[in-house]
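Colleague: got a structure for you, letters missing:
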């Protein structure tokens, strides 16, 4: 199955969360989409349904396909520490996500496109793989000829969030991936334990 490109509000309503950012339509219609959306919110969900829904939410949120997600989970399970925390650390270490966190792109899909179109350098070399996993100390920057792109200039100008695991210089459009974030540093509303329970069945 290809990456979802349909209406974002529909997905946000499905999970009852603004997973793609502030959404005025979600505020107006805070119930599932479809003809029977209002009735669905009364239905009781099984434990498996809740676990599956949490995994799907993270996949939509970060734009990750099923096979990619499964590989990331397997890698997280082999690492030392808590599997759920490791999973989120690996997802947050993806190049497209870090470009988004730096403010170079306004959304994760936009960050994926910027990376795919060869506008980003990693340690001085062009990297056009959005899923590339960064290591602590890696330097990420915008190519010289791409620094005047409107989408990048406008995004950096309006970006205000700062994250402790990223050091970014907006004047140079250059930053360093300091470390993989701790769970408490990741602002998204995710119950990673449900995903671990789903894969451990």
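Modeller: Thanks, I have the structure now. Just so we're clear, the structure is a prediction, and the values are computed from it rather than from any experiment.
Colleague: when you work out contacts or count neighbours from here on, use the C-alpha atoms and nothing else.
Modeller: Fine.
Colleague: and the next helix or strand past the longest helix along the chain?
Modeller: The longest helix of the chain (DSSP state H) is helix 47-62. Per DSSP states H and E, the first helix or strand lying C-terminal to helix 47-62 is helix 66-78.
Colleague: can you list the residues that contact that following helix?
Modeller: Residues outside helix 66-78 that contact it (Cα atoms under 8 Å, 6 or more residues apart in numbering) are 59, 83-84, 86-87, 90-91.
Colleague: all helices of the protein, in order?
Modeller: 8-15, 24-28, 37-40, 47-62, 66-78, 83-92, 95-102, 108-116, 150-158, 192-199.
Colleague: return the most buried member of those.
Modeller: Among the helices of the chain, helix 95-102 has the highest mean neighbour count (mean count of other Cα atoms under 10 Å), at a mean of 25.
Colleague: related to what we said a few turns ago, turn the helices of the chain into CSV, columns for mean pLDDT and distance to residue 167.
Modeller: Formatted as CSV, those follow (pLDDT from 0 to 100; distance: least, Cα to Cα, whole Å):
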stretch, mean pLDDT, distance to residue 167
helix 8-15, 63, 30
helix 24-28, 53, 32
helix 37-40, 54, 43
helix 47-62, 91, 21
helix 66-78, 96, 25
helix 83-92, 96, 15
helix 95-102, 96, 8
helix 108-116, 94, 18
helix 150-158, 95, 14
helix 192-199, 95, 26
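Colleague: out of the ones you listed, which is closest to residue 131?
Modeller: Nearest of the helices of the chain to residue 131, taken as Cα to Cα: helix 95-102 at 6.0 Å.
Colleague: any residues touching the closest one, and which ones?
Modeller: 62, 91-92, 105-108, 111-112, 115, 129-134, 140, 161-163, 166, 168, 175, 177.
Colleague: one more pass at 7 Å, please.
Modeller: When contacts are defined by Cα atoms under 7 Å, 6 or more residues apart in numbering, helix 95-102 is touched by residues 92, 105-108, 111-112, 115, 130-134, 168.
Colleague: now swap in stretch 107-117 and tell me
Modeller: Applying Cα under 7 Å, 6+ apart, the external contacts of stretch 107-117 come out as 62, 96-97, 99-100, 105, 127-130.
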